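# Take a look and give me a structure for this.
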Amino acid sequence: MKKLFLLFWLPLFFSCTEKGSSEKVESDNILENLTYSLDTVVVDSKGEIINLKYGMGGFDRSVDGKSLFLYDSDRSFFQEIGLEQMILKESYPFEKVGPNGTGRVNSFQLQADGSILITSFQNLGIFNLQGEQIRSFNLKPSDLVGAESINGFAILNQMNWNSNTEKLYSLPGDITTGKFEFAITNPTSQSVQILPLTEMEKSQNFRVTQIEGDGGAAFTEIYNLTKFKDKFIITCTVGSGIYLYDALIDSLSYLDFPHKLIPNKKSGDIKNDVSSSQEWYEEYRKVAGQISYWEMNWDQSTSRFYRLASRSLLGERREDPAKYEVYLLVYDEKLNLLGESRLEEYKEFPRSYFFKEGKLYSYVNVEDELGFAVFTFDF
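Have a look, this model is predicted:
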């Protein structure tokens, strides 16, 4: 294993005292005196190619958290990275066409038994690592009972499988409006239940679409669906609030959090439909400069959820370099907010990252080798 070490110790100090008293009041922010070190690790590819043309692209971790799986769409195979030794363990070839053909893979989800749910327009099903389909759902999205309001194959967006309920869960939506919903699909009855995400519909206010003029562009807030045991957590970058769905009791609830360090949601007026690329950039810049809340990441070893929030400070011109502010948020298993702090040395837009043993692993390309910037926290 090759390792490159870059160490920074960054103490962040906050204090909270009662007015008129020198006695310190105990803080409810566990990250109040956060320090952390930062180093870079490079995966030993054992002489094999790990395709980084699209960065890390789509990835998922095994249920035990010990392996990371990447999908190489160019060569149609999965690669397993052992996270304990940071080494390429195995490559698993799949067919795109034929009886076991995956078609064009839209997303995938690792199962507890080591199999993979592969969602594609052509062939949605569960496959083993030998590339054999062991379960086909024969899903016909346009014919699903109850899905009349959904635009075609949108039902496949971020699809997850729960073997205990024998149902599929996803986030169908319309990028032109920025509205997304929660879908529960029963493959046996070929029916779907659509649940509105009313508290997140304000995301539509921050859509920016260029509808005519010199080209076209669209921006919408990002929704994420995260499976946690028999529950599903739905997040949207528009604000800190989440929807929590308990699959065993068919219950959907909304939770928000008392963040103090950063705003809880985006605000202000945005022009949604514009007619030129310059006007599009000006409106998008207003949105990007506000806080975006990203998905919840469960870490079994610390029994905590970790989350990042960020804002992108863009220049007046597209070619101007951007600056980023990134924040670490921590919650307990019952989703109570425990702490929040800015990560001063996180200089990039947060993408392709995960948490393991209380550490943040963020993708970096090290001379065309797969690497991670590793933040080790002390609080």
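# mind listing what residue 256 touches?
Counting by C-beta atoms under 8 Å, 6 or more residues apart in numbering, residue 256 touches 239-242, 264. (C-beta placed from N, C-alpha, C; glycine too.)
# any weak-confidence spans in the stretch 151-300 of the chain?
Counting by pLDDT under 70, the ranges of the stretch 151-300 of the chain that qualify are 213-214.
# let's see 80
Residues of the stretch 151-300 of the chain that meet the criterion pLDDT under 80 lie in 152, 212-215.
# what secondary structure does the closest residue to residue 120 other than its chain neighbours sit in?
Sequence neighbours aside, residue 103 is the residue nearest to residue 120 in space, at 3.8 Å (criterion: C-beta to C-beta, 6 or more residues apart in numbering). Here residue 103 is recorded as coil under DSSP: H, G, I helix; E, B strand; the rest coil.
# Burial check on residue 103, number of neighbours?
Residue 103: 15 surrounding residues under other C-beta atoms under 10 Å.
# same thing with residue 243?
Around residue 243 sit 21 other residues, with neighbours defined as other C-beta under 10 Å.
# Could you tell me which residues make contact with the spatially most central residue of the chain?
Central residue of the chain (C-alpha atoms, centre = their mean): residue 295, 4.8 Å from the mean position. Each residue near residue 295 by C-beta under 8 Å, 6+ apart is listed here: 224, 226, 233, 235, 307.
# from those residues, which single one is nearest residue 33?
Of all the contacts of residue 295, residue 307 has the smallest distance to residue 33: 19.7 Å, by C-beta to C-beta.
# Now that closest one: which helix or strand?
Taking DSSP states H and E as the criterion, residue 307 maps to strand 304-313.
# residues in contact with stretch 171-179?
Residues contacting stretch 171-179 (C-beta under 8 Å, 6+ apart): 147, 150-151, 154-155, 157-158, 180-183, 194, 201, 203-204, 206-207, 209, 218, 220-221, 223-225, 234.
# hang on, the earlier thing: can you tell me which of the contacts of residue 295 end up in strands?
Secondary structure from DSSP state E places 224, 226, 233, 235, 307 of those in strands.
# Pipe the residues you listed into TSV and attach neighbour count per row.
Output for the ones in strands among the contacts of residue 295, formatted as TSV (neighbours: other C-beta atoms under 10 Å):
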residue	neighbour count
224	16
226	17
233	20
235	21
307	21
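# Quick one: these as a markdown table, columns for distance to residue 370 too.
A markdown table is the format used below for the ones in strands among the contacts of residue 295 (distance: C-beta to C-beta, whole Å):
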| residue | distance to residue 370 |
| --- | --- |
| 224 | 23 |
| 226 | 23 |
| 233 | 27 |
| 235 | 26 |
| 307 | 24 |
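# so what are the domain limits for this protein?
What automatic domain parsing lists as the domains of the chain is 1-93+356-379, 199-347.
# how far away is residue 43 from residue 371?
Separation of residue 43 from residue 371 (C-beta to C-beta, to the nearest Å) stands at 7 Å.
# and if you look at residue 305?
Applying C-beta to C-beta, the value for residue 305 to residue 371 is 25 Å.
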